[in-house]
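In: I would like the atomic coordinates for the input below:
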Amino acid sequence: MTTTVVVGNPKPGSRTRAAGELLAEKLTGAPPDTVLELSELGPGLLGWGDEGVATAVKTVQASSLVVFASPTFKATYTGLLKLFLDQFAGGTGLRDVVAVPLMLGAGPAHAMAPDLTLKPVLSELGGTCALPGLYLIDSTFTEDGVVRDYATRWEPVVGALTRLR
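Out: Numbering: from 1, shown residues only. Just a heads-up that it's a prediction; the model follows:
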């Protein structure tokens, strides 16, 4: 199984990245194979044909499991993540990829955002979105047990889905 974390936070090395890596590890029992900090792709995301962006897209498409992690901005995922997702073909761009939407926020007000805003886009791109999205409180996720509980519940499903790939 190949695991990737896509980090849609404009700030490199963020809590979003830490949460994405933690979730990937808890779901698979191993650290992710690749972490893509979208902020490092810079202006290449604004057009088509950038070599770095194309490589990142291919990395995601070759992965069995991808955690798409974003902070919550204005009740949805970041524009940076949207620019990256726009690089994938509709309906087939994430074919054979188990896609897990993960979002972080300061409080519980946007707890449905991963399922209401990010999951539909991942599904539209052909991702297998069988797991519910996960929303974490950014100041407590390392200690509140939410990631552990989510992974305990959904790890068997991830294993079954990725074996089908």
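
In: ranges for the strands of the protein?
Out: Remark: strands assigned in the chain by DSSP state E are 3-7, 34-37, 65-71, 98-105, 134-137.

In: Nearest to Glu143 among those strands would be which one?
Out: With CB to CB, the closest approach to Glu143 among the strands of the chain belongs to strand 134-137: 10.3 Å. Yep, even glycine has a C-beta here, placed from its N, CA and C like the rest.

In: what's the closest non-adjacent residue to Met112?
Out: Of all residues not flanking Met112 in the chain, Tyr135 sits nearest, at 7.4 Å (CB to CB, 6 or more residues apart in numbering).

In: coming back round to it: please tabulate the strands of the chain in CSV and include distance to Asp115 and mean neighbour count as additional columns.
Out: Output for those, formatted as CSV (distance: least, CB to CB, whole Å; neighbours: other CB atoms under 10 Å):
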stretch, distance to Asp115, mean neighbour count
strand 3-7, 17, 27
strand 34-37, 22, 19
strand 65-71, 13, 28
strand 98-105, 7, 27
strand 134-137, 8, 20
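
In: Please tabulate those in TSV, including the columns distance to Leu81 and mean pLDDT.
Out: Output for the strands of the chain, formatted as TSV (distance: least, CB to CB, whole Å; pLDDT from 0 to 100):
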stretch	distance to Leu81	mean pLDDT
strand 3-7	7	98
strand 34-37	11	98
strand 65-71	5	98
strand 98-105	10	98
strand 134-137	15	98
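
In: Out of the ones you listed, the one nearest Leu161 is which?
Out: That would be, of the strands of the chain and by CB to CB, strand 98-105, which comes in at 4.8 Å.

In: what's the helix or strand just after that closest one in contact with?
Out: Going down the chain from strand 98-105, the next helix or strand is helix 113, by DSSP states H and E. Residues from elsewhere that reach helix 113, judged by CB atoms under 8 Å, 6 or more residues apart in numbering: 72, 75-77, 103, 105, 133, 135.

In: what pLDDT, on average, does helix 113 get?
Out: The average of the pLDDT scores along helix 113 is 97.
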